[in-house]
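Chemist: the following block contains a protein sequence and its predicted model.
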Amino acid sequence: MTRRTVSAGALVMAAALALAGCGGSDSGESGPELSVGAAYMPQPVSDSMAAGFLVVTNKGGDGDRLTSVTSDVAGEVTLHTTSGQAMSEADGLDVPAGGRLVLESGGDHLMFEKLKRRPKEGDRVSLELHFTKSGPIDVEMPVKSATYRPAASTKSHH
């Protein structure tokens, strides 16, 4: 009988330890911790497409990947990479652990295609970012002048 009590106690202890190990921050590792800033859309010069730029910051200890974007203003939003003068569609963009994904003019960016309406300067465009590991993030992207450029360049932080 004593042996059974010890075994039951050992099982309870093992189960408690196993459950304690399931906690995210207590285990010493953290998943992605994403935030979005510096979002803007230059006022589109076309009736059918527009570009979008933003910065996804990851303060977590695990990387993530931006896999898609949806917006009520466009039939489709695609991810693009730019290398030299060549632009190509991407199936996802990495957000490194402790780093940033910078989407900017002349670099990686969003393309809003099949516009349902042409956003004007001063408008706000709603979009939702979808990631491999993290939940979706809603973003309100202000529409700036067609020639707007952020004050500080983010190119050196790729």
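Modeler: Great, that's in hand. Please read these numbers as outputs of a predicted model, since none were measured by experiment.
Chemist: and for the closest residue to residue 71 other than its chain neighbours, the neighbour number?
Modeler: Nearest-residue entry for residue 71: residue 127, 4.1 Å, with adjacent residues in sequence omitted and distances by Cβ to Cβ, 6 or more residues apart in numbering. Any C-beta I mention is one placed from the backbone N, CA and C, and that applies to glycine too. By other Cβ atoms under 10 Å, 24 other residues sit near residue 127.
Chemist: count of neighbours near the residue nearest to residue 77 when sequence neighbours are not counted?
Modeler: Setting aside the residues directly before and after it, residue 77 is nearest to residue 69 in space (Cβ to Cβ, 6+ apart), at 4.1 Å. Other residues lying near residue 69 total 23 when counted by other Cβ under 10 Å.
Chemist: ditto for residue 46
Modeler: Quick note: residue 46 (other Cβ under 10 Å) scores 10 neighbours.
Chemist: what does residue 39 give?
Modeler: Count around residue 39 with other Cβ under 10 Å applied: 20.
Chemist: what of residue 110?
Modeler: Using other Cβ under 10 Å, the number of residues around residue 110 comes to 25.
Chemist: what about it, which helix or strand?
Modeler: Taking DSSP states H and E as the criterion, residue 110 maps to strand 109-115.
Chemist: how far is that strand from where the chain is centred?
Modeler: Here the centre of strand 109-115 is set off from its chain's centre by 16 Å, with Cα atoms, centre = their mean, to the nearest Å.
Chemist: show me the strands in this structure, by range?
Modeler: Using DSSP state E, the strands found in the chain span residues 34-42, 49-58, 64-71, 74-83, 86-90, 93-95, 100-103, 109-115, 124-131, 137-144.
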